[in-house]
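> here is the input, now give the coordinates:
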Amino acid sequence: MKVLAIESSCDDTSFSIVSDEKSIDFLETINHRKFHKKHGGVIPEMAARQHLDIMDHLHKFTRKIDFKKIDAIAATYGPGLIGGLIVGSSFAKGLSLAEQKKLIPINHLQAHLLSPRLTSNLSFPYLCLLVSGGNTALVLVKSPKKFITLGSSIDDSAGECFDKVAKALGLDYPGGPVIEKKALTGDLYKYKLPMPLTKVKNCDFSFSGLKTAAIEVIKKNKNNKRFIENFCASFQYTMGEVFKNKIAYAFELMNKENIKFKDFSICGGVAANQYINGLIKDFTKEKNVNYHQVPLSLCTDNAAMIGWNAIEIMNYGKTRVNNYNIRPTPNILIHENF
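Model prediction:
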């Protein structure tokens, strides 16, 4: 079984061919970060135009495909920026009609949460920490169609916090990779920053207060020698401790509810951070739970995870396929299915 997939929910345009043998036959992701960097972040209208400009390239690619070997076409229908969602899903709809193939709408967040199963052998149910530019949540993944959110951010996402702090430091967009690089030579404990909600016994996150406190420290100390390196290290350490605290409570909750699981993973753009990966890996090892790190190419938005999600759904046998009814929906939640 093979699926042609399209992803266009934010600032990356991606297309891929994925098989049910966990093989990524083709993956091309065109990121527009250099363009968006000039504006200090993603402007929705401009992002949509960037996606539209890539459609001619995608059309030329599809003309080379033997569609006799393609079983379905999948596209992100939400959540995301409405312009990008319209561009990607409209192309997918037209292609599916032209080639008479099934069209499978995919929830972008569910695709992230299922992406660890594309490269590792995770058994349902498993726990997953989703951390990206738009979302932060701890989720129990029970099947390709059932996701239980244990907790999520009540304000800013982790990725947004990284980006805003990097901007305050005068660093490039996106902020996560730059902060991680600067932190390599810094002192983890130089600056003490707040760890919101870590004393609250639930799985919810809050990053707004941390972001505000971080920006205040930057304003007061930005001229100090080696400030950026030390601050980035302290900020990254704080983020890691917040994640570890909430994951620890999620483990307690699973034990309390007598829910057995043996696998844990982290997905989304922030999952590319090697310091945070190492911290969580060590924690899960102490708990005798298998840790599965998603490859860097599958951490950020990509079409391979969209195609894999479609395969998971088809194998699960409970899917709604409608060539004419894919509706871009920018604000859908993790548990919502088309």
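
> shouldn't Ser14 be within a strand?
Yes: checked against DSSP: H, G, I helix; E, B strand; the rest coil, Ser14 lies within a strand.

> count the neighbours of it for me.
Residues near Ser14, counting by other C-beta atoms under 10 Å, number 25. Every residue, glycine included, has its C-beta placed from N, CA and C.

> swap in Glu216?
Neighbourhood size, Glu216 [other C-beta under 10 Å]: 12.

> over to it. Which of the three states is it?
Glu216 is classified as helix under three-state DSSP.

> tell me the pLDDT of it.
Here, the pLDDT recorded for Glu216 equals 96.

> what does the one 3 residues further on give?
pLDDT, the model's per-residue confidence, is 94 for Lys219.

> likewise Ile154?
Taking Ile154 on its own, its pLDDT is 96.

> same question, Lys318
At Lys318, pLDDT is 58.

> buried residues in stretch 261-272?
261, 263-272 (16 or more other C-beta atoms under 10 Å).

> got it, and stretch 195-214?
196-198, 203-207, 210-211, 213-214.

> which SSE is immediately downstream of the worst-scoring helix or strand of the chain on mean pLDDT?
One helix or strand of the chain scores below all others by mean pLDDT, DSSP states H and E: helix 33-37, with a mean of 67. Next helix or strand after helix 33-37 toward the C-terminus (DSSP states H and E): helix 44-62.

> and the contacts of that following helix?
4, 6, 8, 10-11, 13, 15, 28, 30, 32, 35-36, 39, 81-84, 86-88, 91, 95 (C-beta atoms under 8 Å, 6 or more residues apart in numbering).

> filter the residues you listed down to the buried ones, PyMOL style.
Selecting only the buried entries of the contacts of helix 44-62 in PyMOL, with 16+ other C-beta under 10 Å as the criterion:
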select buried, resi 4+6+8+10+11+13+15+32+36+81+82+83+84+86+87+88+91+95
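
> against Ser132, how distant is Tyr291?
From Tyr291 across to Ser132, the span is 19 Å (C-beta to C-beta, to the nearest Å).

> my bad, Ser96
The value you get for Ser96 to Ser132, if C-beta to C-beta is used, is 27 Å.

> likewise for Arg63?
33 Å.

> neighbour-wise, which of these two wins?
Per other C-beta under 10 Å, whichever of Arg63 and Ser132 has more neighbours is Ser132, with 24 against 7.

> how about the contacts made by that one?
112, 157-159, 268-270.
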